[in-house]
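Chemist: can you look at this prediction? I've put the sequence above it.
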Amino acid sequence: MSVIEIADLSDLRLADYSHQTDVALKKSRGTEHGLYIAESALVLQRALAAGHRARSVLALGNTVDEARALVGAEVPIFSGPSALLEELTGYLLHRGLIAAMHRPALASVPSLLENARRVIILENVADPTNVGAIFRSVAAIGADAVFVTPRCSDPFYRRAIRVSMGTVLQVPWTRLGDWPSARQLLTASGFQIAALALSADAVSLRDFEAPEKLALVLGAEGEGLTPEALANADTVVQIPMAHGIDSLNVAATAAVAMWALA
């Protein structure tokens, strides 16, 4: 398929890029699981390496060849001047290209626990920037999978993918159900659950002896972990701090805890 020069922004084939919200993309018609947006050649490359399929690419003229090298001749590539593409999307394509990607089916919880030793659980973390930053730390410092609760921000949201530098597409992740069922699955797979929280009975991270299989639970910005999460944890752990500071940003907390327990 040849490169398609954009002449008319009302072309229905451009609908994936026309001021679409993450929620709207997730519900895109004609897809099995919805779509997400991959920004930049690097993120597109990581998405394709993870086995994800591109539906189309939107590229500035100087990135068309790079896009074609990545997706091949079967995926349509739409191109046009920067001002026109900005009018279409609502933002500058300062990374040269974006791609509409098919969301893959999420893995089951047991399949991700099967060969894992360290996993991260994000409970109700609402900010996609924090979700993306945590995934980047997971990829860099080392955990085997990430589990997100139903009220957690979607790791496939555009900002989460961008902040993670595409590592959301590399790190295995899926959604957990309610805490009783999650606890049952984790325990059956031999995991102990450690909740990061401020608590009178919390163990200092310096003194915590990590078991062979550990699930580390991090809570929402500001609110912290829910009573249900704390009730289902085997241990509550806190990071010792100085200067009267009692907590860190959740993404920073994740990085510190993973480093200490690696």
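Modeler: That came through fine. Note that this is a predicted model, so its numbers are computed, not measured.

Chemist: list the contacts of residue 89.
Modeler: Contact analysis of residue 89 by CB atoms under 8 Å, 6 or more residues apart in numbering lists 17, 18, 19, 58, 98. C-beta here means a position set from N, CA and C on the backbone, and glycine is covered the same way.

Chemist: what's the helix or strand for residue 56?
Modeler: Secondary structure assignment for residue 56, by DSSP states H and E: strand 54-59.

Chemist: next SSE after that strand?
Modeler: helix 64-71.

Chemist: okay, now the nearest residue to residue 228 once chain neighbours are set aside: neighbour count?
Modeler: Nearest in space to residue 228, with sequence neighbours left out and distances taken as CB to CB, 6 or more residues apart in numbering, is residue 179 at 4.4 Å. By the measure other CB atoms under 10 Å, the count of residues near residue 179 is 21.

Chemist: residue 179 reaches residue 232, doesn't it?
Modeler: Yes - using CB atoms under 8 Å, residue 179 is in contact with residue 232, at 4.7 Å.

Chemist: who's in contact with residue 189?
Modeler: By CB under 8 Å, 6+ apart, the residues touching residue 189 are 110, 113, 114, 116, 213.

Chemist: now those residues as JSON lines including pLDDT?
Modeler: Converted to JSON lines, those look like this (pLDDT from 0 to 100):
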{"residue": "110", "pLDDT": "97"}
{"residue": "113", "pLDDT": "97"}
{"residue": "114", "pLDDT": "96"}
{"residue": "116", "pLDDT": "97"}
{"residue": "213", "pLDDT": "97"}
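
Chemist: are any of those buried, and if so which?
Modeler: 113, 116, 213 (16 or more other CB atoms under 10 Å).

Chemist: contacting residues around the first one?
Modeler: So the one you mean is residue 113. By CB under 8 Å, 6+ apart, residue 113 lies in contact with 119, 145, 185, 186, 189, 191.

Chemist: next step: those restricted to helices.
Modeler: The subset of the contacts of residue 113 located in helices under the criterion DSSP state H comprises 185, 186.

Chemist: show me which of the contacts of residue 113 is closest to residue 135.
Modeler: residue 145 (10.9 Å; CB to CB).

Chemist: from residue 116, how far out is the closest one?
Modeler: 5 Å (CB to CB, to the nearest Å).

Chemist: swap in residue 165?
Modeler: According to CB to CB, residue 165 and residue 116 sit 22 Å apart.

Chemist: and what of residue 74?
Modeler: With the distance defined as CB to CB, residue 74 ends up 35 Å from residue 116.

Chemist: and for residue 164?
Modeler: From residue 164 over to residue 116 the distance is 19 Å, taken as CB to CB.

Chemist: same check, this time on residue 94
Modeler: Between residue 94 and residue 116 the computed distance is 37 Å (CB to CB).

Chemist: state whether residue 112 is indeed within a helix.
Modeler: Yes - the assignment for residue 112 is a helix, going by DSSP: H, G, I helix; E, B strand; the rest coil.

Chemist: and it, what is it in contact with?
Modeler: Contacts for residue 112 were tallied using CB under 8 Å, 6+ apart; they are 119, 144, 145, 147, 172, 173, 174.

Chemist: with pLDDT added, can I get those in TSV?
Modeler: Written out in TSV, the entries for the contacts of residue 112 read as follows (pLDDT from 0 to 100):
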residue	pLDDT
119	97
144	96
145	97
147	98
172	97
173	98
174	98
